[in-house]
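J.: Sharing a sequence plus its predicted fold:
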Amino acid sequence: MVALKVPPEFEPELPEKVRRVLWKDMGRNDAARWKEYRIELEREVERRKRKAALRWERRKPVTQTPKTETPERTTHDFPYLTSSDIPKDGFRRATIIRPPEVTETKWGKRYRIALEFEDGDKRRWSMNDTTFWNLSDNYGTKASEWIGKRMELKVKHFRIQGKDVTGIVGEPVK
């Protein structure tokens, strides 16, 4: 089978009738070549769909923590982590001790995570999107795989809606 180079004016979004008219205007009335073009076009559409599905898989959120019958310490039992807990111009290393709990806020989904620092201090932290994507890229999208993984927490200065804000960003330790 000969691979046809699809001209730019033949994008898959064009309706069938328009493509057929454009095809005939170019002097290509051969039915066999039209059939080859249609097959090539369908392959291109399928390739784009697969690519979009892979992008969607990457955006898949972390699975929620399953509910258990036995009362267990949850992330809510630990005090919140604040930027004052991390040294200025430095970082603090922590280990993830629980999978993230998904909470719905007025800003959208937030992932609350429980951390244990090297000195034994345990804190909870609602991680930002930057940290979430850093962790999911390095440790996978399954929350159960994050337990026991280490990360560095740093204080960063952001400008959000015209205001200077201090926030915490986590980066995986390799």
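T.: All right, it came through fine. Numbers count the residues shown, from 1 in each chain.
J.: how far away is R43 from W56?
T.: Between R43 and W56 the distance, using Cβ to Cβ, to the nearest Å, works out to 20 Å. Backbone N, C-alpha and C define where each C-beta goes, glycine included.
J.: for D89, same thing?
T.: Taking Cβ to Cβ as the measure, D89 and W56 are separated by 39 Å.
J.: now P172
T.: For P172 relative to W56 (Cβ to Cβ), the value is 23 Å.
J.: Same drill for the two, tell me which one is more crowded.
T.: Relative neighbour count places P172 above the other of P172 and W56, with 17 against 9, counting by other Cβ atoms under 10 Å.
J.: What residues are bridge-paired with the more buried one?
T.: M151 (DSSP bridges).
J.: Next: F91.
T.: With DSSP bridges applied, the residues forming beta bridges to F91 are K154.
J.: so it makes contact with L153?
T.: Yes - the pair F91 and L153 passes the contact test of Cβ atoms under 8 Å, sitting 6.2 Å apart.
J.: Show me which of those two is the more surrounded one.
T.: When F91 and L153 are compared on other Cβ under 10 Å, the one with more neighbours turns out to be L153, at 23 against 16.
J.: Pretty sure the more buried one sits against I168.
T.: Yes - shown here, L153 and I168 form a contact pair, counting by Cβ under 8 Å, at 5.5 Å.
J.: Common neighbours of these two, please.
T.: Overlap between the contact sets of L153 and I168, as judged by Cβ atoms under 8 Å, 6 or more residues apart in numbering, is given by 81, 86, 125.
J.: how does the protein divide into domains?
T.: 16-58, 75-172 (automatic domain parsing).
J.: and the last one, how far out from the chain's middle?
T.: Pointing back at domain 75-172 there. Centroid displacement of domain 75-172 relative to its chain, using Cα atoms, centre = their mean, to the nearest Å, is 16 Å.
J.: quick one: average pLDDT of it?
T.: Domain 75-172 shows a mean pLDDT of 85.
J.: could you show me where the helices are in the protein, in order?
T.: For the chain, helices defined by DSSP state H occupy the ranges 16-25, 31-58, 129-139.
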